[in-house]
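whatever this is, show me its structure:
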Amino acid sequence: MTVATCSTVDTAFKYFGVYFALIISVAKQIISFLVVLLIIIVSFAHAFYILLSPRSEFSFEEYTHNEDLNNPWNIASTYKQIFENGTINPNPYIEQPDGNTNMFVNFKTAIFAMYLFLAGDSSVLSNWPYINNPSLAILIVLFSLLIVVYLMNLFIGLLNNAIEKDNDRVSYLVQKAEILAEIELFYLLPHQRRWETWFPEVIHYSADVDKIREKINEMMNKNEWDINDESRKNLMKKLNILSYYK
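Model (predicted):
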């Protein structure tokens, strides 16, 4: 039962471990870009917050009328009643505003508003007439060109490059080796580490010669391969690599 379970786990790891290794490796490569992107988004959120936050005191529960164009009561939806004779009631009905009426009342919701705008929801900025707010229009154009068009397409390109770089069996084997090493160090008892059935002195592995040669060359270019090690020298001789690095 134990052998069958281990075989099942190993088979599952073989088929799905490649994707886990790919996800982790790509995430490590793009994390710095995501940090830069987050900083720029927060900067735009701060700019919109300064421009669109209310200038005077107000309350969501009590009607407040003033000249502040950013006051949620002044930008809330209004409805007018039309009588049967066609006349319009001059006293409109005002929909009570909430936190979504002007998401730039609070800086936290301003950041979320930028995320919604990045995702294609422009309703968070539709309560202000653009023709009367040139600064708002300029910020929207800059945000669209810099983040939506340029940085997001650059992000997709970086993802493609990272996936092409690590979409191979080597990444899966490295990830598997790291997991096994962690298990051996932290989860096995001392007497278990001495079992020869689990830890034989020699492990035979069949590998493609061209892929091994390519991987060794890559490690040597990154100074991750010690060419002075005797066992590695023997391997490089068998692979006809040592002649290039005399």
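
mind giving me the packing neighbours of the helix or strand that contains F117?
If you go by DSSP states H and E, F117 is part of helix 107-118. In terms of contacts (3 or more C-beta pairs under 8 Å, 6 or more residues apart in numbering; DSSP states H and E), helix 107-118 is packed against helix 2-52. Where you see a C-beta, it was placed from the backbone N, CA and C, and this is true even at glycine.

ok so, going back, identify the residues contacting the helix holding F117?
41-42, 44-46, 48-49, 53, 99, 103-104, 123-125, 143, 147-148, 152 (C-beta atoms under 8 Å, 6 or more residues apart in numbering).

and if we set it to 7 Å?
Contacting residues not belonging to helix 107-118 are listed as 41-42, 44-45, 48-49, 99, 103-104, 124-125, 143, 147-148 [C-beta atoms under 7 Å, 6 or more residues apart in numbering].

could you do stretch 61-76 as well?
Residues contacting stretch 61-76 (C-beta under 7 Å, 6+ apart): 52-56, 58, 60, 94-95, 97, 101-102, 105, 127.

now those residues as TSV including distance to E178, neighbour count and secondary structure?
Below are these laid out as TSV (distance: C-beta to C-beta, whole Å; neighbours: other C-beta atoms under 10 Å; DSSP: H, G, I helix; E, B strand; the rest coil):
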residue	distance to E178	neighbour count	secondary structure
L52	48	24	helix
S53	48	15	coil
P54	53	19	coil
R55	56	11	coil
S56	58	10	coil
F58	56	21	coil
F60	53	15	coil
I94	61	14	strand
E95	57	12	coil
P97	53	22	coil
T101	51	18	coil
N102	49	26	coil
V105	47	22	coil
N127	52	19	coil
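
quick check: the two most widely separated of those residues?
R55 and E95 (21.8 Å; C-beta to C-beta).

may I ask which helix or strand of this structure has the lowest mean pLDDT?
Least confident element among the helices and strands of the chain, by mean pLDDT, DSSP states H and E: helix 169-186 (a mean of 74).

how far out from the middle of the chain is that one?
Distance, stretch centre to chain centre, for helix 169-186: 25 Å (C-alpha atoms, centre = their mean, to the nearest Å).

tell me which of the contacts of helix 107-118 is nearest to L158?
Looking across these and measuring by C-beta to C-beta, the closest to L158 is I147, at 14.7 Å.

show me what contacts that closest one?
I40, I41, L118.

swap the cut-off to 10 Å and go again
L37, I40, I41, F44, M114, F117, L118, F155 (C-beta atoms under 10 Å, 6 or more residues apart in numbering).

the third one: what's it in contact with?
Contacts here follow C-beta under 10 Å, 6+ apart; on that basis I41 touches I111, M114, Y115, F117, L118, F143, I147, L151.

now list the buried members of these.
For these, a burial check counting by 16 or more other C-beta atoms under 10 Å picks out I111, M114, F117, L118, F143, I147, L151.

can you list the domains in this protein?
Annotated domains of the chain cover 14-54+106-167, 56-101, 169-204, 206-246 [automatic domain parsing].

quick one: mean pLDDT for the host helix or strand of I138?
Using DSSP H and E, I138 sits within helix 134-143. The average of the pLDDT scores along helix 134-143 is 93.
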